[in-house]
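>>> would you be able to build a 3D model of this:
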Amino acid sequence: MRFLPVFVALATVSAASLAAKPRPVQAVDRAYLDTTISPAADFYGYANGAFGKVPVPGEYATYGVNEEIDDRNETLLKAILETAAKTRGPKGGVAQQVGDFFAAGMDEPAIEQAGLKPLAPLFAAIDAVQTGAEIPGVVGRLLAQGVDAGFGFGVQVDDKDTTAMIAAFSQGGLGLPEREYYFRADPDSVAIRTAYAEHIARTLQLAGATADDARLHAAAILALETKLAEASRALVDLRDPEKNYHKFERRALARLTATVDWEAFFAAIEFPAAEATVLVGQPEFFTRFGELTRDVSVDTWRAYLRWEVLRETASYLGRALVEEHFAFYSRRLSGTPELKPRWKRVLAAADEAMGENLGQLYVERAFSPRAKARALAMVEFHLQAMRKRIENAPWMSAATKQAAFQKIAAMRTKVGYPDRWRDYRSLAITRESYVRNVLAASAFEIRRQLAKLGRPVDRSEWSMPPQTNNAYYDPTLNEMCFPAGILQPPFFDETADDASNFGALASTIGHELTHGFDDQGRKFDASGNLRNWWTEEDARGFEARAERITRQYDAYEPLPGLHIEGHQTLGENIADIGGLRISYEAYKLATAGRKPKSIDGFTPDQRFFIAFAQGWRTNQRIEQTRRQLATDLHSPARWRVLGPLANFPEFYQAFRCPVPSEIQPAIW
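Model (predicted):
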């Protein structure tokens, strides 16, 4: 389709010039465009074609705008950590904790000298197991000391009573990224399983096993994990909140898994005696887990649990284990050729361990009150736009619309950073051992979570620290959260024009708001309870429109023979499509009564759509694309642009292209 430009043509920009030196950060950047591509034929290529020629740096599986923001955030956080490590501070204070954590992580000679000695208590607990009946108790002891093994366990808001916290069990215990990795018969999947068994064996050898024992144990571990995978639900099945909600009386768990001593597990983690009920997401998994503690040899279970400890801690140990872990999980699975610099890896561990400690120091330098005020104002325009979309939805009844309006009215927004910072003073961090610090932080977190039981839900708590380049919608709290780390250029600039800010944040504010009304979020009411508030006819109308989106994305083929799985990615695709629509209409509300000017040859609407597309500029290794298609609930970046634009008449009008004759009816 021929495109008639309404702006000055772009001068040729080479890949080398893009990568050679730091460039101004802006949401609409001509240097990334390829105007030889028709916007109607491939808007992602049009907006990002020049960037597509930039090679992915060796330490990345994926490189794009998100990694650019991460790099800037990490540079700032590195300076914070290095200063804290030099100056230290009062014991138990923020500077002492983050500084000593960073110093311990950067002390490679001490890490090499310590070897596996810091893990000795964990291995001793595993070696003491004599019968299958003891497996739950040792799993609990490992969890209490900072290592997840066998299955998932945590504390959450009760989906059907959002005034209460409850403990929750979920399937887990797999070393490969997702259950289907254990069963696919294509040559690449078979090769990955072979490489995985070899990786387990090499890791066990590095931990002291003989070559023969390591090889035998690796085969047994893979066989055990395959049995766990057989009992696990697929990603699509895990997306249904109703089907993954099962409340059990604590004493009734024995009926689910008669061979498992759950009280031994509870005792090991010091689970409160007053807690009478728990959630079990996938009961059939735990039934099978119990059978396997009886039917699989204790020797195999000990080897498996030892492997679980090594798999979770390898990145914090000596160089040989670090490189072995990287070789399989990053190089083999994602195609990443190079380890990240050590300081970046230690920074990531510190962020995981004490995120809000780092956050306190980060926001002082990276997020102004003016930025927070403007972001909050943008959110309000999005809420207004969503109300209008619901009000004008011809397929929804008045009763369902009224409940939807109540949900919007009750929705909370968190921007920038928490009002009250998390207290880490009881977390002991020293310069003696990097891996012990990591485990101490994990153990601290499970204790912190268990302490929530029996208390009111803390709605002020954040699920991400403020330096995080991400955002979320929590259906049980009915809230959106936009950390300072994502409200950075080019996604957001407090001095930028509305078109570029609203366009770039369509994948953030509009996206998260739409999650409240996607195929999962719509099942939670204004109070966050998992409850049906839809009429039967309206639910059918929603599902029919959602099925069209499923078919639309099923047709996309990122790699030859590999399609996007429309049901697996449905919630994110709905949020991408609705997010763009809501953000576009929010932009129109924000600029009502004004006539925004063209900038750099682009009309305001063109700037909106280019900012949206350039917010997804991403180059990805083929191995990582394969992994994403198999394991991720999100579509690859190109289709996060093309999918939402496919049925967006205003986009075609903005670029003076014919509107397709068939436009699918929108959900939002």
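>>> just checking: what are the partner strands of the top strand by length along the chain?
When the chain is parsed with DSSP state E, its longest strand is strand 161-170. Strand 161-170 sits in its sheet next to strand 152-158 (antiparallel), strand 277-280 (parallel), going by DSSP bridges.
>>> would you indicate which residues of it are buried?
Of the residues in strand 161-170, those scored as buried under the neighbour-count criterion (16 or more other CB atoms under 10 Å) are 161, 162, 165, 166, 167, 168, 169, 170. For glycine as for every other residue, the C-beta is placed from the backbone atoms N, C-alpha and C.
>>> now the strands paired with strand 161-170 as CSV including distance to residue 527?
Written out in CSV, the entries for the strands paired with strand 161-170 read as follows (distance: least, CB to CB, whole Å):
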stretch, distance to residue 527
strand 152-158, 11
strand 277-280, 18
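>>> please identify the most buried of these.
strand 277-280 (a mean of 20; mean count of other CB atoms under 10 Å).
>>> mind listing the helices for the stretch 251-400 of the chain?
Assigned by DSSP state H, counting those that start in this stretch, the stretch 251-400 of the chain shows helices spanning 253-256, 262-268, 283-295, 298-313, 319-326, 333-334, 342-366, 369-391, 398-410.
>>> would you put the C-alpha positions of the last one in PDB?
This means helix 398-410. In PDB, the C-alpha atoms belonging to helix 398-410 read as follows (Å, rounded to 0.1, in the frame of the first residue of the first chain):
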ATOM      1  CA  ALA A 398     -27.100  -1.200  32.100                       C
ATOM      2  CA  ALA A 399     -26.700  -3.600  35.100                       C
ATOM      3  CA  THR A 400     -23.200  -4.700  34.100                       C
ATOM      4  CA  LYS A 401     -22.200  -1.200  33.200                       C
ATOM      5  CA  GLN A 402     -23.200   0.000  36.600                       C
ATOM      6  CA  ALA A 403     -21.000  -2.600  38.300                       C
ATOM      7  CA  ALA A 404     -18.100  -1.700  36.000                       C
ATOM      8  CA  PHE A 405     -18.500   2.000  36.900                       C
ATOM      9  CA  GLN A 406     -18.300   1.000  40.600                       C
ATOM     10  CA  LYS A 407     -15.100  -0.900  39.900                       C
ATOM     11  CA  ILE A 408     -13.500   2.100  38.200                       C
ATOM     12  CA  ALA A 409     -14.600   4.400  41.100                       C
ATOM     13  CA  ALA A 410     -13.000   2.000  43.600                       C
END
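>>> now what about that helix, what contacts it?
Under the criterion CB atoms under 8 Å, 6 or more residues apart in numbering, residues 383, 386-387, 390-391, 393, 396, 478, 516-517, 525-527, 533-535, 538 lie in contact with helix 398-410.
>>> and these, which are buried?
For the contacts of helix 398-410, a burial check counting by 16+ other CB under 10 Å picks out 383, 386, 390, 393, 396, 478, 516-517, 525-526, 533-534, 538.
>>> okay if I get those residues as a markdown table plus pLDDT?
Rendered in a markdown table, the data for these read as follows (pLDDT from 0 to 100):
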| residue | pLDDT |
| --- | --- |
| 383 | 98 |
| 386 | 98 |
| 390 | 98 |
| 393 | 96 |
| 396 | 97 |
| 478 | 98 |
| 516 | 98 |
| 517 | 98 |
| 525 | 98 |
| 526 | 98 |
| 533 | 98 |
| 534 | 98 |
| 538 | 98 |
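>>> quick check, nearest of those residues to residue 560?
Closest approach between the buried ones among the contacts of helix 398-410 and residue 560, by CB to CB: residue 517, at 35.1 Å.
>>> having no further points to raise, I will conclude here.
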